[in-house]
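Undergrad: Below are the sequence and a predicted model for it; my questions follow.
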Amino acid sequence: MPVDRQILYAPYEDVRDDKSETTWAQFVYEGKNVVLGGTGTEYAELISKCADDARWYAFVRVETGDELSRRVKFVFLTWVGQSVGAMAKAKMSTDKADIKMVCKDYAIEVLADDLSEVQYDAVLEEVKKVGGANYGTGVRD
């Protein structure tokens, strides 16, 4: 099996843990297998891994809300670089189903092949759209 779900659980739970500083876990291809590519606290570090020949998945923690209420939401991100071949792209769809057996609690899913689609502000805006009411004024008294 190309996806060993057991090795994905710990980083997934680390991102979900309110006491952890980890905000993302990346899962990459090593040969035909999906393995942990890394974890981190800075979204920019994750996005720096977006290359035209890269293909990977990530589980990301973001914070939304207003000055009175902060809410943690999660994003399932799939990056498929524009020069990734057709067969490799097709393989990702079946592997993604296995990864989603572990990374199953998220507000949105983003499938991207362009950096503009994974910029933090763009992702956060999509999370806000599905997150319901956002009544804040932007100013805390």
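TA: Right, received. Where do you want to start? Numbering: from 1, shown residues only.
Undergrad: quick one: low-confidence parts of this protein?
TA: Along the chain, segments meeting pLDDT under 70 span 1, 132-141.
Undergrad: again, only this time at 80
TA: By pLDDT under 80, the low-scoring segments of the chain are 1-2, 65-69, 131-141.
Undergrad: Could I get the full set of strands for it?
TA: For the chain, applying DSSP state E gives strands covering 24-30, 33-40, 55-65, 70-80, 108-112.
Undergrad: Report the distance from stretch 86-94 to the chain centre.
TA: 18 Å (Cα atoms, centre = their mean, to the nearest Å).
Undergrad: What of stretch 72-87?
TA: What separates the centre of stretch 72-87 from the centre of its chain is 9 Å, taken as Cα atoms, centre = their mean.
Undergrad: before we move on, the earlier item: any chance of the strands of the chain in a markdown table, plus distance to M92 and mean neighbour count?
TA: C-beta coordinates here come from the backbone N, C-alpha and C atoms, glycine included. Shown next, in a markdown table, are those (distance: least, Cβ to Cβ, whole Å; neighbours: other Cβ atoms under 10 Å):
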| stretch | distance to M92 | mean neighbour count |
| --- | --- | --- |
| strand 24-30 | 9 | 20 |
| strand 33-40 | 9 | 18 |
| strand 55-65 | 6 | 21 |
| strand 70-80 | 6 | 19 |
| strand 108-112 | 9 | 16 |
